[in-house]
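Enquirer: Have a look; sequence and predicted model below, questions after that.
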Amino acid sequence: MKKINLKINTLEINVLLNLSSLEDNSVLQDTQRRVARSILLPVFKRLTGRSINTHPANYKMSFKLSYHEAYYLEMFLQDFNANLGVYEWNVVLQLKNFLNKELT
């Protein structure tokens, strides 16, 4: 199975973890969203482990995702509208663009 190599820094990891906490507060009714959440939960746990380590604030690291994890991460990022801050919105757009390019 194809692995997607995501290069992400610690600030971007923190943005993703903040978005995941926003998603946890919502009520998931749809089956597709429940499947996405169950697939992304281990991804967010791995991201949390990477962000807790003692890295400088803008340390770039490699993070491997399986195809289905990358697909559902892209779907997860598409749920967020432009009501985020400027930096967070930019991180979301960059990650969506990268994942879309790698998945095609």
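Expert: Structure received. Residues are numbered from 1 along each chain as shown.
Enquirer: Now the closest residue to Leu95 other than its chain neighbours: which helix or strand?
Expert: Nearest non-adjacent residue to Leu95, counting by C-beta to C-beta, 6 or more residues apart in numbering: Leu77, 5.9 Å away. Where C-beta positions appear, they are placed from N, C-alpha and C, glycine not excepted. Using DSSP states H and E, Leu77 falls within helix 67-78.
Enquirer: Just want the angle from the next helix or strand after that helix to helix 67-78.
Expert: Downstream of helix 67-78, the first helix or strand assigned by DSSP H and E is helix 86-103. Angle, helix 86-103 to helix 67-78, by axes from the mean of the first three to the mean of the last three C-alpha atoms, to 10 degrees: 150 degrees.
Enquirer: So that it lines up with my notes, have the first residue be 59 from now on.
Expert: Done: numbering now begins at 59, and the last item shifts to helix 144-161.
Enquirer: Residues contacting helix 144-161, please?
Expert: Here helix 144-161 makes contact (C-beta atoms under 8 Å, 6 or more residues apart in numbering) with 62, 64, 66, 69-70, 73-74, 76-77, 125, 128-129, 131-132, 135-136, 138, 140, 142.
Enquirer: Just the buried subset of the residues you listed, please.
Expert: Among those, those classed as buried by neighbour count (16 or more other C-beta atoms under 10 Å) are 62, 64, 66, 70, 73-74, 77, 128-129, 131-132, 135, 142.
Enquirer: Tell me how far stretch 102-110 lies from the chain's centre.
Expert: 11 Å (C-alpha atoms, centre = their mean, to the nearest Å).
Enquirer: mean confidence score for it?
Expert: Taken as a whole, stretch 102-110 carries a mean pLDDT of 81.
Enquirer: List of residues touching it?
Expert: 68, 71-72, 74-75, 78, 119, 121.
Enquirer: I'd like to know which of those are buried.
Expert: Applying 16+ other C-beta under 10 Å to these flags 68, 71-72, 74, 78 as buried.
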